[in-house]
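Engineer: okay, here's the prediction I keep looking at, along with the sequence it came from:
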Amino acid sequence: MKAFRGQPTIFSSPRTEKRQAELQVKEIYLSFGGVIALANVDFSVRTGELISLIGPNGAGKTSMLNCITGYYHPQKGSILFNGTDLTRRPPHEVTKQGIGRTFQNIELFPGMTVISNILLARHLFCTYGVGKASLFVGSAREEELRQRRLLEELIDFLEMHSIRKQAVGSLPYGLQKRVELGRALALEPKLLVLDEPFAGMTLEEREDMVRFLLELNHGWGQTMILVEHDMSIVMSISQRVVVLNFGRKIAEGAPQEILDHPEVVKAYLGEDEDNEEESRYHECLAKS
Amino acid sequence: MSAWLSHEGDTSFAQALSRYTLPQILTKQVERLGSSEKAIRKKSLGVWEALTWVDYLDYMKKTALGLMSLGLRRKESVGIITGNEPEWLFSELAAQALGAVTINLFTTAAAEEIQGALERVQASYVIVQDQEQVDKLLDVREQLPFVRKVIYVDRTGMRTYGDEPWLISFYDLLQISEPNETEQARLFEEELWKGQPEDVAIMTLTSGTTGVPKLAMLTHHNFTEMARNWMETVAISPGDNWISITPPAWIVDQSFGLGVTLCAGMTVNFPETEETVTEDFREIGPTILIAPARFWEDMASKIRVKISDSSFVKRKLFELSEKIGTAVTEREANNQPLPLYLRLLKRCASLVVNRPLLDRIGCSQFKVALTGGHPISPDVIRFFRSKGLNLKQCYGLTEGGGIFQVQPDEEVKPETVGKPLPGVTVRIAEDQEVLVSTSTAFLGYYQNPEATEASFMDGWLCTGDAGYIDGDGHLLIIGRKQDIMRTREGDAFSPDFIETRLKFSPYVKEVVIFGESRPYITALVNIDMGNVGNWAEDRMIPYTTYTDLSQQPAVQELIMGEVRHVNHQLPDPMKIHKMVLLYKLLDADDEELTRTGKVRRGLVAERYDPLIQAMYTDRSQIEVRGEVRYRDGQVGTIITRVTLLTVEEGKLS
């Protein structure tokens, strides 16, 4: 009876000190053999921002995310998060620092229920040992109840009531993406990294997802980095956009600036500027 | 504790009810049941939370004090557009405690419908479910100058409306005043006990299968009398579970979910969300329920589909138990004693199949399960009864204050709607219209004396339904009086009668029968996308949309089989000769159905006239162009080719 008994307990009051997320990416250089994936890319994210990373296929967007979350280790450059150097830390340590992410291709456990999948992310916050857990006594019990309550608040927020006990593998793609967002949120991340959260979704699923992301950003003050191909969504919800092309940063700024940026137009449409095509590009972007 | 309040004095309690208003009865229930019984349960964040009678009163009082501080006065009216939530009960009783009248509207109603209804009653406050309803009201705000505040229950997504002074959350409403403050509390008590049983409690939109919906006024007395009738008929006791799943704007959840549960001290259970009803239903295991025919039809077809997908052994056991069940119910219906072997078999079937099945669907705790609102196929009744579920038909109408006709436990007949409750008399007029005399009959239509007058005949309430009373005193409803039709040859038929039989097929979602002053009977059929879709997938039949699926030859053949099966049970003049599988679902958004899911026959006939005309020619195909209205108000067009199917007499599949 949340409605007349007050606000949710856990995600209710976004205390700013708990939400601090200052990310600085400095001159990152990443190559695989002879292929240069990222060349001297730098940008920064400030607390409470929603920034998007865009670029044509192969521009290095996911590589950049993988560097931030510790899946790749760049050869040069540094990544600072709230003053801590994360450059060559493994993923689990990055997670502990407060960076949660979702994946381009869903990385859930298909045979487990929605609850189990999300609960799994909470193990970071569990303090009891194997003994207590197996007997389910004392602090273990209290702790589990608290974790479950938090989980239910997430389920409520993401409107997954009717699927909470279903195996993830049996759910439609759009819902699986939502579960993945739920799992990332269960980490209570200071910085949320989303790799193409809208890919392969129906229009309705996209609208739901946009609603959730906006509510997270505006309501909870969640800091987010978004990689996405859907320009109309990117341009309408991000506060700042960073554009990559062939591993280089070619532009950065507010959505409107990016739309008019000649380098960006060139990256998306090629050197040979065709007026008709360009006008179509603008028309398409203007719809956002 | 006075004799009036003791459990032993339940009869006198029931008798005394008629002296009070509903909110007054709540205070009486607190004295009687206090915190020993649960009044309300709501599933929230995955857990069932309970409120005792003391909590119930407490929240009602807080709501009332909030409304009072906002400025709600006696004789004003309050609009309520909520889903099945405890806040609905609090608001409704709180408004009534202050002497205001409430009007419940459907959450699915469009902005114009809501605006029209609120304007007619000049609602001063509106309590709404969520952002969706708030947005609708904001859209028509210009036309609602009399609405002083909109109170929203669910705060999700409402942050951006922060400084809009027209809006306030229910949570904040509860915080406005302190119930322990003596002056406020005194005022509340004063207002509460000013209420008279003859006061109008609610206004409710009659479902209106014809024309503009009218506003029926029901008094507190109507509610308490209804409750008394029920308490005398079914052994309901405190702690029995009601599950609130029909919209609060419908008379059933008003008269039962609010009235009977309150008077009898039952527990009202609210599911977590609309999508989780099936699961929550099972967890609660309600003891009494009145659900629309569609609910039971859906459940029956789901069971059938699930069984047909299950393993060989399960299928065989199910078939066997069905045979036993049919044999038993037939004998019981004819009042024949059961031979020993049948009693033993019944036991076995119940142990092995029926009990686990009922438990699986949450129906194992039922004292009585009722279906109303629309005629149901006797096959559905037989199906559930053979499983050991006490499913019965009942009959009532908004103007009659709810359900007043039900089958007694000992004499259940699948075709009839049973006998009147105590204190109710039913008779048949010369033109076959069902007339009823009951203390629960409504006060009249709001600001519509002509319609009020027309609905009473020498003190009898006209139901508008045609029917007859059989040898055992059971009432049979043939259909709406104005819906009884005759073919060109003069044979009478009831479209409803044919439709309900065809709708028992799991593959048929909706049917509309035509044939008035025509040579033969025709049908527009809506297939059930889910079940037919599965059927098609199992047979590797590719399809894309509903339109495409409905025009697949294999699907047409499937539905044809179902129609033949029904034709087999019908007398010759009532057999369906031609049909069309409609290219879109009939939808309330297109005004083809009422919000409770009844077909608006006239409108459907008008809209699909070219199709119907074509069925009375020799053509086998027709090009059609139809409109579909989306939730956001956009209108799309469908252009497609539809096959006109002739139903031939054939072998039954």
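Structural biologist: It's in.

Engineer: kindly report the residues of the stretch 101-250 of chain A close to chain B.
Structural biologist: A:148-149, A:152-153, A:155-156, A:159, A:161-162, A:164-165, A:211, A:215, A:218-219 (Cβ under 8 Å from any Cβ of the partner chain). To be clear about C-beta, it is placed using only N, CA and C from the backbone, and glycine gets the same treatment.

Engineer: give the rounded mean pLDDT of stretch A:84-95.
Structural biologist: Here stretch A:84-95 scores 90 as its mean pLDDT.

Engineer: for stretch B:625-643, same thing?
Structural biologist: 79.

Engineer: what sits up against it?
Structural biologist: B:547, B:551, B:556, B:580-584, B:587, B:589-590, B:607, B:611, B:620-624 (Cβ atoms under 8 Å, 6 or more residues apart in numbering or on different chains).

Engineer: likewise for stretch A:208-217?
Structural biologist: With contact meaning Cβ under 8 Å, 6+ apart, stretch A:208-217 is reached by A:48, A:50, A:157-159, A:174, A:177-178, A:181, A:185, A:192, A:194, A:197-198, A:201, A:222, A:224, A:226, A:233, A:236-237, B:157, B:159.

Engineer: in it, what's buried?
Structural biologist: A:208, A:209, A:210, A:212, A:213, A:215, A:216, A:217 (16 or more other Cβ atoms under 10 Å in any protein chain shown).

Engineer: so which residues of the stretch 1-150 of chain A form strands?
Structural biologist: Under the criterion DSSP state E, counting those that start in this stretch, the stretch 1-150 of chain A contains strands at A:23-32, A:35-45, A:50-54, A:76-81, A:84-85, A:99-102.

Engineer: paired strands for the second one, with orientation please.
Structural biologist: For strand A:35-45, the paired strands and their directions (DSSP bridges) are strand A:23-32 (antiparallel).

Engineer: and the angle from the partner strand to strand A:76-81?
Structural biologist: Interaxial angle, strand A:23-32 versus strand A:76-81 (axes from the mean of the first three to the mean of the last three Cα atoms, to 10 degrees): 150 degrees.

Engineer: what mean pLDDT would you report for the helix or strand hosting residue B:283?
Structural biologist: For residue B:283, the host element (DSSP states H and E) is helix B:277-284. In this model, helix B:277-284 has a mean pLDDT of 90.

Engineer: got a pLDDT number for residue B:385?
Structural biologist: At residue B:385, pLDDT is 86.

Engineer: does residue B:464 lie in a helix or a strand, and which?
Structural biologist: Going by DSSP H and E, residue B:464 is in strand B:460-469.

Engineer: ok, then the element right after that strand?
Structural biologist: strand B:475-480.

Engineer: which strands and helices lie in contact with that following strand?
Structural biologist: Using 3 or more Cβ pairs under 8 Å, 6 or more residues apart in numbering or on different chains; DSSP states H and E as the contact test, the elements touching strand B:475-480 are strand B:460-469, helix B:495-502.

Engineer: cutoff 6 Å now
Structural biologist: strand B:460-469 (3 or more Cβ pairs under 6 Å, 6 or more residues apart in numbering or on different chains; DSSP states H and E).

Engineer: tell me the secondary structure for residue B:597?
Structural biologist: coil (DSSP: H, G, I helix; E, B strand; the rest coil).

Engineer: which one of the buried residues of stretch A:208-217 is nearest chain B?
Structural biologist: Nearest to chain B, judged by Cβ to the nearest Cβ, of those is residue A:215 at 6.6 Å.

Engineer: if we can go back for a sec, buried residues, the helix holding residue B:283. List them.
Structural biologist: Quick answer for helix B:277-284 (16+ other Cβ under 10 Å): B:277, B:279, B:280, B:281, B:284.

Engineer: show me what contacts residue B:302?
Structural biologist: Contact analysis of residue B:302 by Cβ atoms under 6 Å, 6 or more residues apart in numbering or on different chains lists nothing.

Engineer: ok so, going back, among the contacts of stretch B:625-643, which are within reach of chain A?
Structural biologist: Residues of the contacts of stretch B:625-643 in contact with chain A (Cβ under 6 Å from any Cβ of the partner chain): none.

Engineer: now, these that are in strands?
Structural biologist: B:580, B:581, B:621, B:622, B:623, B:624 (DSSP state E).

Engineer: since we're on the second one, how many residues are nearby?
Structural biologist: This means residue B:581. Residues contacting residue B:581 under the criterion other Cβ atoms under 10 Å in any protein chain shown number 25.

Engineer: got it, and the first one?
Structural biologist: Number of residues near residue B:580 (other Cβ under 10 Å) recorded here: 23.

Engineer: what's the answer for the third one, then?
Structural biologist: With neighbours defined by other Cβ under 10 Å, the count for residue B:621 comes to 11.
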